[in-house]
Each structure stands twice: as C-alpha cells, then as structure tokens.
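Visitor: quick check, what structure comes out for this input:
(one chain, ligands or ions: 1)
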Amino acid sequence: MKAKVENPKIEVEHFRHSERIRQMFARIAPAYDFLNHALSMNIDKRWRKRVTYKLKDILKNPDALVLDVACGTGDLTIEMRKFGSAKIIGTDFCRPMLEIAKEKNLKNHVSIPYVEGDGLNLPFSEGSFDAVTIAFGLRNFSDWEKGLKEAYRVLKFGGRLAILEFSMPIIPGFKQIFSFYFNKILPVIGGMISGSRNAYEYLPDSVSRFPNQQKLAEMMKNVGFSSVEYENLTGGVVAIHLGQK
Ligand SMILES: C[S@@+](CC[C@H](N)C(=O)[O-])C[C@H]1O[C@@H](n2cnc3c(N)ncnc32)[C@H](O)[C@@H]1O
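Guide: Below is the predicted model of the structure:
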C-alpha cells in the first residue's frame, strides 16, 4: 500500500531538508567528536551524563529497552550503556556518523547495535521502548512535532522521553557573551577544523530557530506527553526536557 502524501510540496521540502542535514553530518563526521569536546570545553560530556542520571531507574533495569534517536557517533548511547544494564539501541540516518559509533564499540568494550533509520519514521514498532533519548538531534529534524510523535509512538505506556538540546540562556550578561562566542567565534574555529564553515554557521542558526524551553515543553504536551518538565544546564545554554507517555 502506498503511503498517503499529505501535501506534496511540503513533503519535497522535508525531503530536501533531511538530505542537506544528512550530507552535512556526513562531511563533518570525522571531526565531529573532537570539535564537540573542544568547542564546549568538554562540558558536553557532563550534559550527556546528566541525561543518563535522569533516566537512572530505567537504565539500571536489565529488562529495559532504550532507544537513542539521532545517536550520531554514539556518545550518549555509550554513556547510557556503561551506566547500567538496560539494553540500548542507537539509530541515526547518517551512515558515516554511525560508522564512527560502531568503531567506538570496540574501544569501549560494548556491543551496542546501531540501526540506520530516520527519526521521523523510525523502523520500530509502536510501544517498543522504556525510554527514548534525543541529544542534539531534534533541532535538525525537518519537522520537530513529527519527531516528537515518532518518539511517542515507539515508547511503551509509562515510557520516558529525554531530549537534550541547545536552548535559550537565561542569565543576563552571560547570555550576550555566549551569543558572541556561539555566533562569531565557534563558526570560524569549527569551520577551520572540520573544513565545513556552513555546518558551524548552521549550528547557531538552527538553535535560534528552535523553540525555547517553554515552547518545547508545550509542544511535548500537545503531542501527548505528560509530566513534562525541563532542567536548564550551564545557564540554559542547553536544557533537558523530560516527558512520559
Ligand atoms: C548534532 S548530532 C548529535 C549526535 C549525538 N546524539 C550527540 O549527542 O553527539 C545530530 C545527529 O542527528 C542526526 N539526524 C538529524 N536528523 C535526523 C533524522 N531525521 N533522523 C535521524 N537522524 C537524524 C544527524 O545525522 C546527526 O548524527
């Protein structure tokens, strides 16, 4: 049976957006980890650890199944695997990012399965997972609401979604300093090292378009999540949003 196309123009635009994003991450994949840690002065590691901590009850359960959507090179996936005994699967639609994630299995003495898949059309059945995580991924989706609906669909009833994403800094003064670094300095360094200035100009640009803390929480509630809450990290540079199906 053919999938129903709602609006062909919008579908084509979504397809083009996804293709641009996939190609962009394929280009920067070899430099991605190094730049992530260097540009954030390793704070990104603490942000992912915090997500893991928020899901600690699920991650400690050996019967639990957790999906890391838009897992990229697998940093959060590995962090969750090492934390507890739950089974973790990583999925992403960019093969070069997944290849790096797979290489890291050996180095980290883990054997996480990685599945190529689109966060807007996940290759998993309804009600499969006890938790779904999306770290720095949702912002890149062509349709944020659809991404949230997909996460909701694959969660079991009672399952939890955790989103780690750049957000709106809340401390006056720091907000301006961070904005200067993020918009002016980061694209230059990121561009030089990765060889793709576009990708590191896209980063602040995509963050400025992404919903702030309150709006993302609202969007999650509209999709059907309950017990929605968020925590600002590093003065709101990033936030963790949590919700339950
Ligand atoms: C900034 S990276 C984040 C990777 C990883 N989660 C982390 O914390 O470092 C964004 C990832 O989202 C993936 N991505 C973007 N849109 C996607 C989509 N529609 N479906 C699956 N993956 C997607 C990209 O391929 C990329 O690997």
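Visitor: tell me which residues touch the residue of the chain found nearest the ligand, please.
Guide: Of all residues in the chain, G72 sits closest to the ligand, at 2.5 Å by Cβ to the nearest ligand atom. (Glycine included, C-beta is placed from N, CA and C.) G72 makes contact with 25, 32, 92, 94, 97, 101, 135-137 under the criterion Cβ atoms under 8 Å, 6 or more residues apart in numbering.
Visitor: and the longest strand seen in the chain, what other elements does it pack with?
Guide: If you go by DSSP state E, the chain has its longest strand at strand 155-166. Identification of packing neighbours for strand 155-166 by 3 or more Cβ pairs under 8 Å, 6 or more residues apart in numbering; DSSP states H and E yields helix 43-54, strand 129-135, helix 144-154, helix 213-223, strand 238-244.
Visitor: deepest of these, which one?
Guide: Comparing the helices and strands packed on strand 155-166 by mean neighbour count (mean count of other Cβ atoms under 10 Å), strand 129-135 ranks first with a mean of 27.
Visitor: angle of the helix or strand containing S206 against strand 155-166?
Guide: Element membership of S206, judged by DSSP states H and E, is helix 197-209. Between helix 197-209 and strand 155-166, the angle formed by their directions is 110 degrees, by axes from the mean of the first three to the mean of the last three Cα atoms, to 10 degrees.
Visitor: by contact count, what packs against helix 197-209?
Guide: helix 8-39, helix 186-194.
Visitor: quick one: contacts of stretch 19-38?
Guide: The set of residues external to stretch 19-38 that reach it, using Cβ under 8 Å, 6+ apart, is 44-45, 72-73, 75, 93-97, 99-100, 140, 142, 189-190, 193-196, 198-199, 202.
Visitor: picking up where we left off before, for the contacts of G72, could you give me CSV that also reports pLDDT and distance to E116?
Guide: CSV is the format used below for these (pLDDT from 0 to 100; distance: Cβ to Cβ, whole Å):
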residue, pLDDT, distance to E116
F25, 94, 13
Y32, 90, 17
D92, 98, 7
C94, 98, 8
M97, 98, 10
A101, 98, 11
A135, 98, 18
F136, 97, 18
G137, 97, 14
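Visitor: out of those, which are close to the ligand?
Guide: The subset of the contacts of G72 lying close to the ligand, counting by Cβ under 6 Å from any ligand atom, consists of 25, 92, 94, 97, 135-137.
Visitor: most neighbours out of these, which is it?
Guide: D92 (26 neighbours; other Cβ atoms under 10 Å).
Visitor: shouldn't that residue be in contact with L67?
Guide: No - in this structure, D92 is not within contact of L67 by Cβ atoms under 8 Å, at 11.2 Å.
Visitor: contacts only, for the nearest residue to L164 once chain neighbours are set aside.
Guide: Once flanking residues are discounted, L164 sits nearest to A135: 4.1 Å by Cβ to Cβ, 6 or more residues apart in numbering. A135 makes contacts with 47-48, 51, 68, 70-72, 75-76, 163-165, as judged by Cβ under 8 Å, 6+ apart.
Visitor: so how far is R27 from A135?
Guide: As for A135, its distance to R27 is 20 Å (criterion: Cβ to Cβ, to the nearest Å).
Visitor: residues from this protein in reach of the ligand?
Guide: For the chain, the residues in contact with the ligand (Cβ under 6 Å from any ligand atom) are 18, 21-22, 25, 70-72, 75-76, 92-94, 97, 118-120, 135-137, 140-141.
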